[in-house]
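>>> any chance you could fold what I've pasted below:
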Amino acid sequence: MAWRTMEVSEQRFRFVAAASCGGSSMTSLCAKFGISRPTGYLWLGRYRKGGVSGIGERGRRPQSSPTRTEKRVEDRIVALRRERPDWGARKLAVLLGREGVCVPASTVHHVLLRHGLVRVEDQHPQALKRFEREQPNQLWQMDFKSPKGWGQNVGPLSVLDDATRYVIALEGTWTTRAEAVQERLTAAFLACGLPDAMLMDHGTPWWNTKAAGGWSQLTVWLMKQDIQLHFCAIRHPQTQGKVERFHGALESARRRRGLPEPEQHQNWLDSFRHEYNHVRPHEALAMQTPASRWQKSQRVYRPEPPPWVYPAEAEVHQLTSHGVLHLRGRRWPISRTLGGEQVQIIRIEQRINILYRHTLLREIDLANHGSTAVEPWLANPQL
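Alright, predicted model coming up:
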């Protein structure tokens, strides 16, 4: 069966589901979700017209550009770039100013983008929102460091507390296999407790590039510990800025101090982690150490977590061992990773929405016999 994948926020879906039930007025619903009535009607209309695709994030680029740079200036920008391909928009804007053409560097950059004259590696898109948690263990960031200099195919695995910069784990798994990562995370959970949420990129093993919605076995294992999962946008490494900066400090230490023999690499990492947490002052913490701000989470890791309990009024179905939903005489593939799990169904007019725990998995369009996979949403829109 053909399916599409898209992103959709929890807030929009929850609002549409509540509005479709008809139990509350539009005014009270909009107040509850913190949106205006026009926005509420806009989301509801888009959903009725296009389903989850209609309420997904849309680009903000205007349909027309009345203030677009005139062709003469645009041609000159392109010519200067080709004369000096290593110069960026700011330097080119200075050259244009010397010629009597006053153009902002941002305009120069947009022209270069339009003509394909900015390499992918030179593009640095800004994160949509800067975030920082206030308390320890509200959010942990996780990523693999580059393998450069480590003599391995995979660099060390880092887990960092967002609020305090405390390094929860720094492990040389030297592999992205889910079993190895889960083993290290289990040890971290036993020693440090559980975080409320974790932030990761679209990488292995916490993201399955071959599965609709990106679901992996590690994803499900983390969700069963009631950990909210957040995934940064593709090509937005600054969303994980704290762990990236930690990797910068780790790389600087590797270059200047050197590494011992490979069999001693983990001891070196352990020593660096202790120094980073307990000795090294941190500018973002008013020159205090991460250890002086961090404390163990009170949430306890459970090797065998209890089954998830859906609301009493919810319509619940169990997927087959292959992750298939049997509904209305048809087989609907949902996710192999969730084989045997229970899911909740929310019916909205001619569409059926499938949720696992809090997370929307897929939308089935009965009218058009279509199926749309939904990437795990950001449970907190303010992330």
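>>> surely Gln344 forms part of a strand?
Yes - assigned with DSSP: H, G, I helix; E, B strand; the rest coil, Gln344 falls within a strand.
>>> could you shift the numbering so residue one becomes 24, and keep it that way?
Sure, I'll start numbering at 24, so the last one becomes Gln367.
>>> wait, doesn't it sit right on Glu338?
Yes - in this structure Gln367 lies within contact range of Glu338 using CB atoms under 8 Å: 6.7 Å. C-betas here are computed from N, CA, C, even on glycine.
>>> which parts of the stretch 24-173 of the chain are helices?
With DSSP state H, counting those that start in this stretch as the criterion, the stretch 24-173 of the chain has helices at 33-44, 49-56, 60-73, 94-106, 112-121, 128-137.
>>> who does the fifth one touch, helix- and strand-wise?
Looking back up the chat, that one is helix 112-121. The contact analysis (3 or more CB pairs under 8 Å, 6 or more residues apart in numbering; DSSP states H and E) places helix 112-121 against helix 94-106, helix 128-137.
>>> in the longest one, what's buried?
Meaning helix 94-106. Across helix 94-106, burial judged by 16 or more other CB atoms under 10 Å covers 96-97, 99-101, 103-104.
>>> where are the low-confidence patches of the stretch 174-323 of the chain?
Under the criterion pLDDT under 70, the flagged ranges of the stretch 174-323 of the chain are 235, 256-262.
>>> the strands in it, which residues?
Here the stretch 174-323 of the chain has its strands, by DSSP state E, counting those that start in this stretch, at 180-184, 190-194, 220-223, 251-254.
>>> measure how buried Ile377 is and give me the count.
Counted with other CB atoms under 10 Å, residues neighbouring Ile377 total 25.
>>> so it is in which element?
Using DSSP states H and E, Ile377 sits within strand 374-379.
>>> how far off centre is that strand?
Strand 374-379 sits 21 Å away from the centroid of its parent chain (CA atoms, centre = their mean, to the nearest Å).
>>> now tabulate the buried residues of helix 94-106 in TSV and tack on pLDDT.
Output for the buried residues of helix 94-106, formatted as TSV (pLDDT from 0 to 100):
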residue	pLDDT
Val96	88
Glu97	89
Arg99	89
Ile100	89
Val101	89
Leu103	86
Arg104	82
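>>> how close does Glu336 get to Ala41?
Going from Glu336 to Ala41 by CB to CB, to the nearest Å gives 13 Å.
>>> need the CA coordinates for stretch 315-325. CSV is fine.
Only the C-alpha atoms of stretch 315-325 are listed here, as CSV (Å, rounded to 0.1, in the frame of the first residue of the first chain):
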residue,chain,number,x,y,z
SER,A,315,27.2,21.7,41.1
ARG,A,316,23.9,22.2,39.2
TRP,A,317,22.9,18.7,38.4
GLN,A,318,21.1,16.1,40.6
LYS,A,319,19.9,12.6,40.1
SER,A,320,16.4,12.2,38.6
GLN,A,321,13.8,10.8,40.9
ARG,A,322,12.2,8.8,38.1
VAL,A,323,13.3,5.2,38.4
TYR,A,324,14.2,2.9,35.5
ARG,A,325,12.0,-0.2,35.3
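>>> taking the buried residues of helix 94-106, tell me the two that lie furthest apart.
Based on CB to CB, the longest span within those runs between Val96 and Arg104 and measures 12.8 Å.
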